[in-house]
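> next come a sequence and a model predicted from it.
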Amino acid sequence: MPLTEIDPVVHGPLCDERASRPVHGRTDIWQGRIVSVATEEVEIVAGEAPVTREFVIHPGAVAVVALRGEAGAEEILLERQYRHSVRANLWEIPAGLLDVDGEDYLAAAQRELAEETDLQAATWHVLTDYFNSPGGCTESVRIYLAQDLTPTDEEFEREDEELDMVAAWCPLDEAVAAVLEGRFHNPSAVAGILAVAAARARGWKDLRPADAPWMR
């Protein structure tokens, strides 16, 4: 079938969906403080020999696009953090792991926004969801849009990489340009900036509620 054609069994708009394949064996290779590594023998194609797939098991994360400003002159809050694995200072949006058992996703996003920026938001929506590296990692990320920002009642102490973190308000149009010109590399920042720019261009009419379903 040419790649320009849609499989006739697909009806309606294209949409990712949950699926599974038979697993014939699993080995837990390594367990770290946050993530672990496993390998499975999975029958990808029915009747064919299983193939080996190695993957990282990750708790997932939430991230926040904090937005302020008048229509057409919006600004997004960015943070510069050192990321040792890639040996780089990256401009990012507030984000954090879903490593508290049973914690509500929105509550986690609100906590991260407060802890990293000393800000709180009265209005929350979902911007976009994505799997960070679905070929080899279970990490799923939800990006929220936070608006109507005000300072929190307290300032939070920061540690590790956050100790020398720098924050800046960046015009949204400049942030989009930085993504398209290859100046920003953090995946949540890239996805969040492009998603909020697309939402603005569509008149904010497609924003999902903060408690929208999440395939993770």
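Everything's here; your move. Numbering: from 1, shown residues only.
> list the residues that contact Thr52.
Contacts for Thr52 were tallied using C-beta atoms under 8 Å, 6 or more residues apart in numbering; they are Thr39, Glu40, Glu41. Just so you know, the C-beta spots here come from the backbone N, C-alpha and C atoms, and that holds for glycine as well.
> now the buried members of the residues you listed.
Members of the contacts of Thr52 that pass the buried threshold by neighbour count (16 or more other C-beta atoms under 10 Å) are listed as Glu40.
> next up, phi/psi of Lys205, please.
Dihedral angles of Lys205 (phi, psi; degrees, to the nearest 10) stand at phi -80, psi -10.
> about what we covered before: closest to Leu207 out of the contacts of Thr52?
Taking C-beta to C-beta as the measure, Glu40 is the one of these closest to Leu207, at 37.1 Å.
> please report the distance of the residue nearest the centre of the chain from Ala73.
Ranked by distance to the mean C-alpha position of the chain (C-alpha atoms, centre = their mean), the top residue is Val141 at 3.3 Å. The gap separating Val141 from Ala73 is 28 Å, by C-beta to C-beta, to the nearest Å.
> next structured bit after the longest helix seen in the chain?
Identified as the longest helix of the chain according to DSSP state H is helix 187-201. Of the helices and strands lying after helix 187-201 in sequence (DSSP states H and E), the nearest is strand 208-209.
> need the contact partners of that next one.
The contact list for strand 208-209 (C-beta under 8 Å, 6+ apart) reads His125, Val126.
> what strands line up against it, and which way round?
The strands that strand 208-209 pairs with in its sheet are strand 119-131 (antiparallel) (by DSSP bridges).
> all strands for this structure, in order.
Shown for the chain, the strands assigned by DSSP state E span residues 23-31, 36-42, 51-57, 61-68, 75-83, 88-92, 95-97, 119-131, 140-151, 166-171, 208-209.
> hey, which of those is tucked in deepest?
The highest mean neighbour count among the strands of the chain belongs to strand 61-68 (a mean of 24), with neighbours defined as mean count of other C-beta atoms under 10 Å.
> how distant is that one from the center of its chain?
9 Å (C-alpha atoms, centre = their mean, to the nearest Å).
> contact partners of that strand?
Residues lying outside strand 61-68 but in contact with it, judged by C-beta under 8 Å, 6+ apart, are 74-77, 93-98, 105, 108-109, 112-113, 117, 119, 121, 127, 132, 139-147, 149, 169, 172, 188, 192-193, 195-196.
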